[in-house]
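In: Fold the following, please.
(chains A and B)
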Protein chains: 2
Amino acid sequence: MESKLQKTIDLIAARGRSAALALQDVKTEKINKTLLEMARQLTKESELLRKANARDLTAGKKKGLSPAMLDRLTLSSKAINAMITGLKEVASLPASVGTRYELRERPNGLNIYKVRTPIGVVGIIYESRPNVTVDAAAICLKSHNAVILRGGSEAFHSNMALVSLFQKAAEMNKLPTGSVQFIPSTDRSAIDHLLTKDEQIDLIIPRGGESLIRTVVEKSRIPVIKHYKGICHVFISAKADMSKALPIIVNAKVQRPGVCNAMETLLISSKLPIGRRKQIINALIEKGVTLFGDPATRELSPVIKAATENDWRAEYLDLRCAVRTVNGLEEAIDHINTYGSHHTDAIVTEHQKEADRFVQMVDSASVMVNTSTRFADGSEYGMGCEIGISTDKLHSRGPMGIDDLTTYKWIVEGTGQIRE
Amino acid sequence: MESKLQKTIDLIAARGRSAALALQDVKTEKINKTLLEMARQLTKESELLRKANARDLTAGKKKGLSPAMLDRLTLSSKAINAMITGLKEVASLPASVGTRYELRERPNGLNIYKVRTPIGVVGIIYESRPNVTVDAAAICLKSHNAVILRGGSEAFHSNMALVSLFQKAAEMNKLPTGSVQFIPSTDRSAIDHLLTKDEQIDLIIPRGGESLIRTVVEKSRIPVIKHYKGICHVFISAKADMSKALPIIVNAKVQRPGVCNAMETLLISSKLPIGRRKQIINALIEKGVTLFGDPATRELSPVIKAATENDWRAEYLDLRCAVRTVNGLEEAIDHINTYGSHHTDAIVTEHQKEADRFVQMVDSASVMVNTSTRFADGSEYGMGCEIGISTDKLHSRGPMGIDDLTTYKWIVEGTGQIRE
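Out: Got it, this is the predicted structure:
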């Protein structure tokens, strides 16, 4: 027999599906107005948000959350202002849905083209940060998708408050009921049941730690777009310009080590003079980075620890870094395609043919030449905003924006043609 | 412990993966030469093919295959010539991989663009017709993908012979070993094991009956693109031009009833004068179509049988057809979105606003205005050839050609930029 929670989720999924069908024909202007209204609500109802957030923070302190986690959970004025800016930005982006492309006129007079359409119902499953609630809902709505949100338990009351404001803004602009929904339960089994609703929900995007994502992929009957982790490499070729190489590796490793596009493994060409190789190593050591190297690399400095096979597959997310000496471009490419996570990988070289070969052969979502892996990000790519980064190859790869939440249909316009 | 068959499949998957990495950098010219060489081999080795095919035909007769199935299994001169034409066509299509698009120059001087790349290793699981072996391999290779084929048991020897010729053509043109592979077993467990190789295989396309496809989707850890069935609708509006409506419904139902883009349900507006509604019904009855209708439709002719709920969801694939009288456009749209398979649906109307609303609201891969659903086909859409039709919304929708077997990577070209 179905539990009460399952019935609630059945209802949410069914409402989402009918909202999605109705959203196909809603004017983008109405959606933009909803986003701007939500921005207004965030200012107007700041007291309500603060109260809901205080409940989460009190519970979080009792639970013993770390200061860093409590910080991410806090709806400070700065956090709220960032959401407001985000909403305004998304509202100002051009519409994606409705665009016609790949027009072809056939010899029999048929006009055939693709038109960009919403995907339908998008489910977002995420962990602590409440700002994801607003960002994800805004991006889904902008692409005319209905969204079902399932946030982490730590931010439950904050998320509920944010969603109620979004629903108010949607209602004021007469968007279909069910356009923005939230699973009102922190029970793990809610996710399990949600992932069986493949008749109503078209896409799941999980955002959070690797274990959350693996669980979602394993259980889901609905297509999932995701990345498990970012094991990003920078390869310093023998033809590298050192005045570029040094700032790039420091930036890629140190500027924000806890994110998926930070460097986790540095590859150095053995053909680079030993003095330069030492310079590279020391640039990281000076910044407090702990290095794990293969035997050849360990000869460059006594402080480098011995790397094991595990280090080549490690996503440290902190000031540790694996370093390997490779005998040139081909070995670097092999290492990346074997141990990498197909997220973002960079080469530093002044040699165009070498750069071309690297770009051609590295099988990753983003491939960088003479710049930092840290640029792999929707806003840096000029997409306005992102809903995640994909290391999948189907549908979307790399930073995902509004276009990535659309599909297309083929339109065939005839004047009575029949097939011979 | 792994069985011998499992070990064979492990080896095939690993070879496929390394071939795919190498194929990223192979000149398209080499691939085109391989396709043309295969066309030559088909002529040169026709005796070898005939012998292999005879083994399958003898076994098929013993097994009691129907004449229609034996016909589809036969490698006649006509069937071989069709493969040769297909190979030449695919060879002459422009290359898809390598195309750059969505170029953007960022304020910090970074040049960012997408480049079309192969997906990697594509697995095709199909049933009886041996021509799929050649067509699928050609389309996969043309898009620089390695392909692993698993054909039906009835065509085993024919498929093996065709693959051996393709491998010879690939070898003569020095394509990477493992570019075209075939699972040398008709054991069902071979498919089960193949579908677990998600580290090496990027995409599975099943082609065949619904039960095959459901089994593949259920067991696969690898992304699958597919369609289960085609329940295609034609809606005749009150504003239809009868000189278009009658040929279209006859064509959609009768011209080739056994295929996925044939009409399975006809929807007629109750606002159409009764004389015209009778004309529509009679046009199908005259062609020998057995109709299943709702009560309102059954009043139009005594030979219409009573439809049950099952008829609205039926893919007859023969000269049966469900018919329903709807009270206008919105009810037609509702019916299609509720009971349809999101494959291909058509409206016949002279009223532009009605056509626009239908196109906007019908949530299907192909939406047709004043033409037959039978046109939903890669070659009719000008794609040169197709590898299947997708009713999925992610990655590809509708007829799938060479572009649909590609993904992209983001290239970021810098001059030493680091992130602030």
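In: tell me which parts of the stretch 251-400 of chain A are close to chain B?
Out: Residues of the stretch 251-400 of chain A that fall close to chain B, judged by CB under 8 Å from any CB of the partner chain: A:251, A:255, A:337, A:357, A:359-361, A:363-372, A:374-376, A:380-382, A:392-395, A:397-399. C-beta: built from backbone N, CA, C; applies to glycine.
In: Just the buried ones from those residues?
Out: A:251, A:255, A:337, A:357, A:359-361, A:363-372, A:374-376, A:380-381, A:392-395, A:397-399 (16 or more other CB atoms under 10 Å in any protein chain shown).
In: quick one: which of those residues sit in helices?
Out: A:251, A:337, A:357, A:359-361 (DSSP state H).
In: now, which of these sits nearest A:V224?
Out: Nearest to A:V224 among those, counting by CB to CB, is A:N337 at 23.4 Å.
In: residue contacts, the closest residue in space to the closest one that isn't next to it in sequence?
Out: Distances taken as CB to CB, 6 or more residues apart in numbering or on different chains put A:D363 closest to A:N337, at 5.4 Å, once the chain neighbours are dropped. For A:D363, the contacting residues are A:337, A:342, B:21, B:24, B:117, B:120, B:409, by CB atoms under 8 Å, 6 or more residues apart in numbering or on different chains.
In: Can you check the pLDDT for A:N337?
Out: A:N337 is assigned 97 on the pLDDT scale.
In: again, but for A:N111
Out: 97.
In: just checking, A:R100 touches A:V115?
Out: Yes - judged on CB atoms under 8 Å, A:R100 makes contact with A:V115 at a distance of 5.2 Å.
In: Show me the buried ones among the residues of the stretch 251-400 of chain A next to chain B that map onto strands.
Out: If you go by DSSP state E, these have A:366-369, A:398-399 in strands.
In: what's the single longest helix in chain A?
Out: helix A:4-23.
In: what helices or strands is that helix leaning on?
Out: strand A:121-126, strand A:146-150, strand A:180-182, helix A:188-194 (3 or more CB pairs under 8 Å, 6 or more residues apart in numbering or on different chains; DSSP states H and E).
In: Leaving out sequence neighbours, find the closest residue to A:T371.
Out: In space, and not counting its chain neighbours, A:T371 is closest to B:G414: 2.8 Å by CB to CB, 6+ apart.
In: Tell me if I'm right that that neighbour and A:S366 touch.
Out: No - if you go by CB under 8 Å, B:G414 and A:S366 don't touch, sitting 12.0 Å apart.
In: got TSV for the contacts of A:D363, with distance to A:R214 too?
Out: Compiled in TSV, these are given as follows (distance: CB to CB, whole Å):
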residue	distance to A:R214
A:N337	22
A:H342	16
B:L21	25
B:Q24	28
B:T117	26
B:G120	21
B:K409	24
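In: From those, pick the one nearest A:H157.
Out: Using CB to CB, the contacts of A:D363 come closest to A:H157 at A:H342, 37.5 Å.
In: quick one: the helices in the stretch 251-400 of chain A?
Out: In the stretch 251-400 of chain A, the helices defined using DSSP state H, counting those that start in this stretch lie at A:274-286, A:295-298, A:309-312, A:329-339, A:352-361.
In: now those in a markdown table, with distance to B:I274?
Out: Output for the helices of the stretch 251-400 of chain A, formatted as a markdown table (distance: least, CB to CB, whole Å):
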| stretch | distance to B:I274 |
| --- | --- |
| helix A:274-286 | 84 |
| helix A:295-298 | 86 |
| helix A:309-312 | 76 |
| helix A:329-339 | 68 |
| helix A:352-361 | 66 |
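In: about what we covered before: want to throw the helices and strands packed on helix A:4-23 into JSON lines with mean neighbour count?
Out: Below are the helices and strands packed on helix A:4-23 laid out as JSON lines (neighbours: other CB atoms under 10 Å in any protein chain shown):
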{"stretch": "strand A:121-126", "mean neighbour count": "27"}
{"stretch": "strand A:146-150", "mean neighbour count": "27"}
{"stretch": "strand A:180-182", "mean neighbour count": "25"}
{"stretch": "helix A:188-194", "mean neighbour count": "18"}
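In: closest one to B:E386 among those?
Out: Among the helices and strands packed on helix A:4-23, the nearest to B:E386 by CB to CB is strand A:121-126 (28.3 Å).
In: for that closest one, what is the average pLDDT?
Out: 97.
In: name the helices or strands packed onto that strand?
Out: helix A:4-23, helix A:131-142, strand A:146-150, helix A:188-194, strand A:203-207.
In: Quick check: A:G123 touching A:L194?
Out: Yes - contact between A:G123 and A:L194 holds when scored by CB under 8 Å: they sit 6.2 Å apart.
In: okay, and the common contacts of these two?
Out: A:148, A:150, A:201.
In: now, which of the residues you listed sits nearest B:E331?
Out: Nearest member of the shared contacts of A:G123 and A:L194 to B:E331, counting by CB to CB, is A:I201, at 25.6 Å.
In: Specify the beta-bridge partners of the nearest residue to that closest one once chain neighbours are set aside.
Out: Closest residue to A:I201 apart from its sequence neighbours, by CB to CB, 6+ apart: A:V121 at 4.7 Å. A:V121 has these beta-bridge partners by DSSP bridges: A:A146.
In: repeat for A:V180
Out: A:V147.
In: where does it sit relative to A:I148, distance-wise?
Out: A:V180 sits 9 Å away from A:I148, going by CB to CB, to the nearest Å.
In: If anything else comes up later, I'll come back, but that's it for now.
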